[in-house]
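Asker: Predicted structure and sequence below. I'll ask about it afterward.
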Amino acid sequence: MQRESARTIFEKSKPGRRAAVLPGAEVPEPPIEELIPANLLRSEPPRLPEIAEPEIVRHYNRLSRRNFDLDSGFYPLGSCTMKHNPRLNERVAALPGHARLHPAQDPRRAQGALELMWLLQASLSEICGLPHVSLQPSAGSHGELAGLLLTRAYHADRGETRTKVLAPDTSHGTNPASVTMAGYEVVKVATNEDGGVEMDDLRAKIDEDPDQVACLMLTNPNTLGLFDENIAEIATLIHGAGGTLYYDGANLNAVMGHSRPGDMGFDIVHVNLHKSFSQPHGGGGPGAGPIAVSDRIEPFLPRPQVLRRESDNGGGPSFDLDIDRPKSIGRLRGFQGNFGVFVRSYAYILSLGGDGLAEASETAVLNANYLKARLAEGRAGERLPIAFDRHCMHEFVLSGKPMKRELGIATLDLAKRLLDFGFHPPTVYFPLLVEEALMIEPTETETKESLDSFADAVQEILAEAEAEPEKAQRAPYTTPVRRLDEVKATRKPVVRQTLS
Amino acid sequence: MQRESARTIFEKSKPGRRAAVLPGAEVPEPPIEELIPANLLRSEPPRLPEIAEPEIVRHYNRLSRRNFDLDSGFYPLGSCTMKHNPRLNERVAALPGHARLHPAQDPRRAQGALELMWLLQASLSEICGLPHVSLQPSAGSHGELAGLLLTRAYHADRGETRTKVLAPDTSHGTNPASVTMAGYEVVKVATNEDGGVEMDDLRAKIDEDPDQVACLMLTNPNTLGLFDENIAEIATLIHGAGGTLYYDGANLNAVMGHSRPGDMGFDIVHVNLHKSFSQPHGGGGPGAGPIAVSDRIEPFLPRPQVLRRESDNGGGPSFDLDIDRPKSIGRLRGFQGNFGVFVRSYAYILSLGGDGLAEASETAVLNANYLKARLAEGRAGERLPIAFDRHCMHEFVLSGKPMKRELGIATLDLAKRLLDFGFHPPTVYFPLLVEEALMIEPTETETKESLDSFADAVQEILAEAEAEPEKAQRAPYTTPVRRLDEVKATRKPVVRQTLS
Amino acid sequence: MTRYTSATDADRAEMLAAIGVDSVDELFEQVPEPLRLGRGLDLPDGLSEPEVQARLAALAARNADADSEVCFVGAGMYDHHVPAIVDAITQRSEFLTPYTPYQPEISQGGLQAMFEFQTAMSELTGLPISNAGLYEGPSSVASAGYLAIGATGRRRFVVSRGVHPHSRETLATYSVGYDAEVVEVGLEDGLTDAAALADAVDGETAAVFLQSPNFLGAVEDVEALGAAAKEHGALLVVAVDPMTLGILKPPGECGADIALGEGQPLGNRLDFGGPSFGFFCATEDQIRRMPGRIAGETNDVDGRRGFVLSLQTREQHIRREKATNNICTAQALNALGAMIHLAWLGREGYRELGELLVRRTAYARERLAAVEGVELLHHAPVAREFALRLAAPVDRVLDSIAAERGIAAGYPLGREYPEHEDGLLVAITERRTKAQIDELADALGAAVAAERGDFVGDRTTNSPQGIS
Amino acid sequence: MTRYTSATDADRAEMLAAIGVDSVDELFEQVPEPLRLGRGLDLPDGLSEPEVQARLAALAARNADADSEVCFVGAGMYDHHVPAIVDAITQRSEFLTPYTPYQPEISQGGLQAMFEFQTAMSELTGLPISNAGLYEGPSSVASAGYLAIGATGRRRFVVSRGVHPHSRETLATYSVGYDAEVVEVGLEDGLTDAAALADAVDGETAAVFLQSPNFLGAVEDVEALGAAAKEHGALLVVAVDPMTLGILKPPGECGADIALGEGQPLGNRLDFGGPSFGFFCATEDQIRRMPGRIAGETNDVDGRRGFVLSLQTREQHIRREKATNNICTAQALNALGAMIHLAWLGREGYRELGELLVRRTAYARERLAAVEGVELLHHAPVAREFALRLAAPVDRVLDSIAAERGIAAGYPLGREYPEHEDGLLVAITERRTKAQIDELADALGAAVAAERGDFVGDRTTNSPQGIS
Ligand SMILES: Cc1ncc(COP(=O)(O)O)c(C=O)c1O
Ligand SMILES: Cc1ncc(COP(=O)(O)O)c(C=O)c1O
């Protein structure tokens, strides 16, 4: 990757240059002050860059080469499901009938889009084992918030007010953040030695005040990559207390076609289309976080909902947007959700089909266990032990604690050294419960060769660290920049360019 | 750029892997031998690579990063007009109405395409100052061949057989190659001290046997970037002998809207749409080489020709393909030519408009003269003198002869060292007439900053060479591979991978 | 092997051996037997690439999109030209496929683009701090509410009825969780009722929400309206249309504490409503309460300039239940598209585009209001969208114009404003030519006349009711 | 400043000063006054990006393309599915915008792709040498003629009438320059007349040109036909369809000296006929006579593997009038698309695709020949295209099916074969489903019946004549 020094596009600006040429006005051109009162007008245009098109293209192409991406190599970022992004999905999403459709188009003239949403809903419903779906949430955390507001509405409808949401200490940070935004209090539940929910602790937390238990949020397989075998009992306990069971679907890629959250007893599920369903991650979005829910939650779903009407006269069905949902929690955002993401994910589901999805999960689990096995060998087995020694599902978590203690290199050092070997490092320091955690999710679209070379690299780095720990401690060396001062960036934040 | 060692896609193959899934047959599936006699069938499928889609994408994305391209930086490759490639043109070329139009579509259902061709022809006709255009030739050299076959047909129609085609010694290699393919003999014309055609030599060559002179092929401005001021007289001489005057339009970018080959007296012109008209070069094509001709040449144009018919009933005109051209030289290729290229170039002409084209040429000439001035300073001025010291048009040629003699570094060394500075080198060792030639064409789409930094780099390399000539002699150092053994590649050519 | 995977039978055998199991099924044994699905998913078999493409193309063909109709619909998302370089750049693998830049050393491209985006949005809004983008417009409004609660400790929002209905509804949805009250202030001739607003704001008010141009297209006097907020120590939150900020006074100069909005008009497709992005800018003192990612400038160990995700301590990964917001995956690629679009427009082009919109809008407003049976719904100044009142049923007029002229004439205000059942909201972009505006005027005249004829008299005229 | 340029007034002033002139006009003074245009070009003013896009979209909308019609037309170019990764990769700047890899150190991506392409084409054709691509199919045939003259010193070509008419015509056009004679050999029930061919070939024959499947879709027995060429020392040149080589015996195993063809079906759009590419493979002994670029493997000074343009001494830059061909800029990007398509298909997929084509073609041929008023034009084996004879005027039948069913039913053979005025050539790709074939059968039956009714009796039935 490029080593040239960073210059922003503002620094490449030169007065008088430009790229865009605009259409002529075609209409009378009075001074703007005659159309809008002068006191509402801007005195100076914003100092946007002045630069011709060729140099804009060069600028962003160069920037792009300073990014590592999924198409550059192995990207085992745990919990993120960095699977292949089929370009077919980009192509169909770009069809004018999708990409150029106005969101306020009369539903009668957007039948294809509504049917597509309906078909995607039906697919997610089958995959999740829950009868109703809303596609509205924009990402996983948005789905979480939706789920908690649904829980609140469900209880309110029954005349109940509950204040507590339970979540294991391994849960993703968005879970507690969503809990607070939804006006609940988080109650942490401990993890047992198998990596699952500590049942005694769960019982204790429920028994403290069962009437206050609104919900338990769970990821299953959890963020350790382990399936919680007690899930049926957990569901019984929570439902017994009158709470809802929320499934954080970030790890759905492990169980598609094998086990369904609805069948496990979950009431509400969010699905990250940008994880299991191949929406490209875009450098941090866009994604989408549809939710699937049980019958008792359905009345409260956000509006609008896609409605399918059978035809009276034997023709095909028609589709509409239903806003007449009196118990709905209301909107979570504008219009109908991230439709472009729906198109991609629906194309993905069509491509794989039911069996293909099940095989994808199988291969994801196979790949994870294989890589786990490779990393249980040799030096890695000693210095980077598995946090919970069981077969994993689609990902697994290692602990760098012995490595740090014995070799003096931290998980962060290992991660940075991996950059020099051409790999994206795993997720690090999460889940919090595991000291010096490395969370590794290879996904099903990686080759055995990639897994092997990653395992070899880890072993090599550990060997190197025995002789020369500074090598990792000061890594990386070959990247466009080396280790960055993040503390400075937070202490004295410079979050925009100063322009003269 | 990447330094990893090269592995071909065949080497990444593993039996049993695949990307494509095909549609089901849907129809009966008898053994193929029942449909086609066994003796006509293949026994083993070709050993194409076996590899899944994610790894194909990674493979070619990685390969791409081993290319320098126009969007990576300055690319002053003389004679090639490496101007910005607007992505708008890619977008409109990809519209299904263009990209998915079958070439044998009934002309009545391809009216938009034919009108576009007609409009492009009209634009090129105006730019070249010649009344008729055929878009058929696929590139410049194809246009040259067309022009020579037109010349032959023209003379044959007059009952003449002529055998000689004159071309200056500065001419591009395709000119003599085309001459031979068209069954003519090349006669070289010398260059005068101003870089133009040596008039005495021209007269001598004509006078030798005027009846044998079929054509003179000329580039104007010529490959030295100089406008031949004697062009009117040259035309008189050639026309006087009964020959045709052919304009190699590779350098049209210098004179658009300023001077027209037709007005200079040329009978036949080819235009490289991939040079002056922004068709991306694609790593060596596609391009297109339309020809514009005078009235006397028109009857012989390749067929089909686009025909415009006015409507009888006051409606718009309609368009057709005319194959009924009895004097035509015939087809030069299949169907209608590189239509996708026509779309891009027409979009380009629409974007710039008449004035914009003229300004583009102006800026191309300004940029070239400025860079020439910068390289006439300091060390470059001494070691890399301009071959013909006049104002240039859109490009200019320096000679590395003093540099080689005094510093021991050849033009090739300078070129290779420029790679380390992030520049594409100029065209080197062409035109043949100039020893150790460097042919520099910045184009109009480069910034002054780019020109300055290129000039600075040249000066710096020359300074470096005074102290340490080996530095350039062994360059490059920072590229994916270093200097390659081209002799070996030609002596013992390995032109395909051996597969087991 | 399924689509997009590589494990051959031979690979599988080797891998299983290394794991020490006989089959993949064994790995799934950790899922208790009763919870295993035990059947295939009830979904169709996988399809080949050409089949999937044909299937999706068939669905797409059943939508009347802004290529097949001339689109005068706005209401928050607009049919602007997306420059070709936006697509070309955002579709590059290097921007399309990585995730959030957790490893800054190999993510400088994305991080620098975020930094540039923040700079541009800060310039547009006239506020010093910008994040790197949120989901979209309305949920950004709701996020501003959360910030305001944190900043003021109050739980009462005063919202102009000129704020986008989706934003108001989203704020209301979230406010159930925030335990906050939402009070709405009405409009007078298109503009927020200043007196009612002043009455509504009190010492318990966390924030006042305005939008300019508001949903009816009217340009609000934000500065004047905002005085009430200042007076009571409430935050002033202003939703803006990024295409008007080359012309309109930036919220930062009008006293806004937060300026935000829907980013779609900048470099993003219509996409039936998403994905796009929300932008969110604020005053310096809110920097540690901002929602979403923020890129910051720093340097590496060798002193080389670089960018990182800064102020991560606000975020859920670190702060968990105390995070300033729950947002994690946002809309980075969409924000990149916006930045490219802004660079392409450039300082002058951006201003010129604003002028073009204002002038064409003025022309269209005058032209359409002159049509028989059509009048202005309000007389406030407008920038790129305006509201009309029709003397015939709006839905029938829209159907007729769509079917006969292939024009989507506007947004029927009755959908969200029962008091404006006769209202039509018409939006202008640089794609809407004078000829199209003139044709719309013609079509509107004809359709209104036909429907009035229908309505008052003969119902047999063939006014179309179906859709194309 | 015009579009895409950067020179501001300030830049201009500085640059002119450095050059030492007062104006750019001065630089143009080298163009003699009478030759200066002295007026603006008579072309419209430049347009903005959205305007250009609208203009081109309006033109495109007036074409009936293979998305708006179901396309059974082939005749050398086929409506195959282009995998999405082909577009994604070939549109990357790094492949799209560089020129010919004259500087191999910074062109390894393009050069290696050429080397891979050559390997793949060599595998497909069964011949050891491939170039990196020529313009397209027919001109590649003509280039083979030039090679054959060089190799044999003879100037006579014997060409089957089954060779694509455009190829035959192009060869004839070029042969005027080559001073070569072209002799044509006719077809018998769809196949090259073997006896006539044997008669036509003699000791003066430089090359024999065959095509298989030939233009009428018939699979030729190349090996048997080629014997005549071998006997007289003429080169055997075979044009092939790359989509059939997973099934059909490769020309290299049939004694061909040169195998070539139109590359469009591999990863290239229809594009109304171009750009696509021609492929060109040959036996080892022709390596120094090959036209076009050839990439070769070598190593750098550090021993690292690399690729270069090899055998450049054949080419015009060096050899000038003695070059093996005049081709310079060719179709590198199109050949790259082909290589990606082939990698995507892979060894198995490529064969399966061939099988799919053969089977669907067999089904379609049988289904259509069973239609009343339709019969086979020949009975030779076919792979992906076949010829029918209609008992009604072909053009009128085609018009009717296009207008009423939105189907482009095939290629009217009368355009190029006067002896087959009643002939219709129907092509099959993996995009043509059984349902589409069945609908075509139905449409063909109805249209032929209607036209026959018209023709023999009542001319008042409303057979459509216009076009949609
Ligand atoms: C386990 C888990 N839960 C929730 C989330 C939040 O999802 P999103 O980023 O889509 O909001 C993520 C991913 O980021 C996650 O990994
Ligand atoms: C001066 C000149 N003439 C002719 C050509 C041949 O054009 P093409 O490569 O398009 O065949 C070129 C470019 O390559 C050239 O520079």
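Answerer: Looks like it came in fine. Ligands and ions are numbered 1, 2, ... in the order given.

Asker: Going by residue numbers, what spans are helices in chain C?
Answerer: C:9-19, C:24-27, C:49-60, C:84-90, C:93-96, C:108-125, C:137-152, C:165-178, C:194-200, C:222-231, C:316-319, C:332-369, C:394-405, C:434-456 (DSSP state H).

Asker: Turn those into JSON lines, including mean pLDDT, distance to chain B and mean neighbour count.
Answerer: Where you see a C-beta, it was placed from the backbone N, CA and C, and this is true even at glycine. Shown next, in JSON lines, are those (pLDDT from 0 to 100; distance: least, Cβ to the nearest Cβ, whole Å; neighbours: other Cβ atoms under 10 Å in any protein chain shown):
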{"stretch": "helix C:9-19", "mean pLDDT": "98", "distance to chain B": "7", "mean neighbour count": "17"}
{"stretch": "helix C:24-27", "mean pLDDT": "97", "distance to chain B": "17", "mean neighbour count": "16"}
{"stretch": "helix C:49-60", "mean pLDDT": "98", "distance to chain B": "5", "mean neighbour count": "21"}
{"stretch": "helix C:84-90", "mean pLDDT": "98", "distance to chain B": "4", "mean neighbour count": "24"}
{"stretch": "helix C:93-96", "mean pLDDT": "98", "distance to chain B": "5", "mean neighbour count": "25"}
{"stretch": "helix C:108-125", "mean pLDDT": "98", "distance to chain B": "13", "mean neighbour count": "29"}
{"stretch": "helix C:137-152", "mean pLDDT": "98", "distance to chain B": "27", "mean neighbour count": "26"}
{"stretch": "helix C:165-178", "mean pLDDT": "98", "distance to chain B": "31", "mean neighbour count": "24"}
{"stretch": "helix C:194-200", "mean pLDDT": "98", "distance to chain B": "46", "mean neighbour count": "16"}
{"stretch": "helix C:222-231", "mean pLDDT": "97", "distance to chain B": "37", "mean neighbour count": "20"}
{"stretch": "helix C:316-319", "mean pLDDT": "82", "distance to chain B": "28", "mean neighbour count": "19"}
{"stretch": "helix C:332-369", "mean pLDDT": "98", "distance to chain B": "11", "mean neighbour count": "24"}
{"stretch": "helix C:394-405", "mean pLDDT": "98", "distance to chain B": "20", "mean neighbour count": "21"}
{"stretch": "helix C:434-456", "mean pLDDT": "91", "distance to chain B": "17", "mean neighbour count": "18"}
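
Asker: Compare the ones you listed and give me the one nearest residue D:48.
Answerer: Comparison of the helices of chain C against residue D:48 by Cβ to Cβ identifies helix C:332-369 as nearest, at 10.0 Å.

Asker: distance between the closest one and the chain's centre?
Answerer: Between the centre of helix C:332-369 and the centre of its host chain there is 15 Å, according to Cα atoms, centre = their mean, to the nearest Å.

Asker: packing partners for it?
Answerer: Where contact means 3 or more Cβ pairs under 8 Å, 6 or more residues apart in numbering or on different chains; DSSP states H and E, helix C:332-369 is packed against helix A:53-64, helix C:84-90, helix C:93-96, helix C:108-125, strand C:374-376, strand C:385-390, strand C:423-427, helix C:434-456.

Asker: returning to that earlier point: arrange the helices of chain C in CSV, one row each, with distance to residue B:297 as further columns.
Answerer: As requested, those are arranged in CSV below (distance: least, Cβ to Cβ, whole Å):
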stretch, distance to residue B:297
helix C:9-19, 64
helix C:24-27, 72
helix C:49-60, 46
helix C:84-90, 38
helix C:93-96, 49
helix C:108-125, 53
helix C:137-152, 62
helix C:165-178, 65
helix C:194-200, 77
helix C:222-231, 69
helix C:316-319, 73
helix C:332-369, 43
helix C:394-405, 48
helix C:434-456, 41
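
Asker: and of those, who's closest to ligand 2?
Answerer: Ligand 2 sits nearest to helix C:84-90 of all these, at 24.6 Å, using Cβ to the nearest ligand atom.

Asker: Could you name the helices and strands sitting against that closest one?
Answerer: Where contact means 3+ Cβ pairs under 8 Å, 6+ apart, helix C:84-90 is packed against helix A:53-64, helix B:87-93, helix C:332-369.

Asker: Could you figure out how far the last one is turned away from helix A:53-64?
Answerer: Put simply, helix C:332-369 runs at 150 degrees to helix A:53-64, going by axes from the mean of the first three to the mean of the last three Cα atoms, to 10 degrees.

Asker: can you tell me if helix C:332-369 touches ligand 1.
Answerer: No - using Cβ under 6 Å from any ligand atom, helix C:332-369 stays clear of ligand 1, with a minimum separation of 11.4 Å.

Asker: any idea of the angle that helix forms with helix D:49-60?
Answerer: Using the same axes, to 10 degrees: helix C:332-369 against helix D:49-60 is 80 degrees.

Asker: so helix C:332-369 versus strand C:385-390, what angle?
Answerer: Put simply, helix C:332-369 runs at 40 degrees to strand C:385-390, going by the same axes, to 10 degrees.

Asker: Turn the helices and strands packed on helix C:332-369 into JSON lines, including distance to residue B:44.
Answerer: Listed next are the helices and strands packed on helix C:332-369 as JSON lines, based on distance: least, Cβ to Cβ, whole Å:
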{"stretch": "helix A:53-64", "distance to residue B:44": "42"}
{"stretch": "helix C:84-90", "distance to residue B:44": "41"}
{"stretch": "helix C:93-96", "distance to residue B:44": "35"}
{"stretch": "helix C:108-125", "distance to residue B:44": "45"}
{"stretch": "strand C:374-376", "distance to residue B:44": "74"}
{"stretch": "strand C:385-390", "distance to residue B:44": "66"}
{"stretch": "strand C:423-427", "distance to residue B:44": "62"}
{"stretch": "helix C:434-456", "distance to residue B:44": "61"}
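
Asker: To ligand 1, which of the ones you listed lies closest?
Answerer: Closest approach to ligand 1 among the helices and strands packed on helix C:332-369 (Cβ to the nearest ligand atom): helix C:108-125, 15.6 Å.

Asker: Residue C:347: what's it in contact with?
Answerer: Residues near residue C:347 by Cβ atoms under 8 Å, 6 or more residues apart in numbering or on different chains: A:13, A:18, A:45, A:46, A:47, A:48, A:49, A:50.

Asker: Okay, the closest residue to the second one other than its chain neighbours and residue D:3: tell me how far apart.
Answerer: Spelled out, that is residue A:18. Using Cβ to Cβ, 6 or more residues apart in numbering or on different chains and skipping the chain neighbours, the partner closest in space to residue A:18 is residue C:346 (4.4 Å). According to Cβ to Cβ, to the nearest Å, residue C:346 and residue D:3 sit 13 Å apart.

Asker: and if you look at residue A:122?
Answerer: Counting by Cβ to Cβ, the gap from residue A:122 to residue D:3 is 49 Å.

Asker: of these two, who's got more company?
Answerer: The neighbour comparison of residue A:122 against residue D:3 (other Cβ atoms under 10 Å in any protein chain shown) goes to residue D:3, with 27 against 15.

Asker: doesn't residue C:275 make contact with residue A:335?
Answerer: No - Residue A:335 is beyond contact range of residue C:275, at 11.0 Å (criterion: Cβ atoms under 8 Å).

Asker: If residue C:212 is in a bridge, with which residues?
Answerer: Applying DSSP bridges to residue C:212 gives these bridge partners: residue C:240.

Asker: Show the contacting residues for it.
Answerer: Shown in contact with residue C:212 (Cβ under 8 Å, 6+ apart): C:162, C:218, C:219, C:220, C:222, C:238, C:239, C:240, C:248, C:251.

Asker: repeat that for 10 Å
Answerer: A:40, C:160, C:162-163, C:191-192, C:218-222, C:225, C:238-241, C:244, C:248-249, C:251, C:254, C:256, C:259, C:383 (Cβ atoms under 10 Å, 6 or more residues apart in numbering or on different chains).
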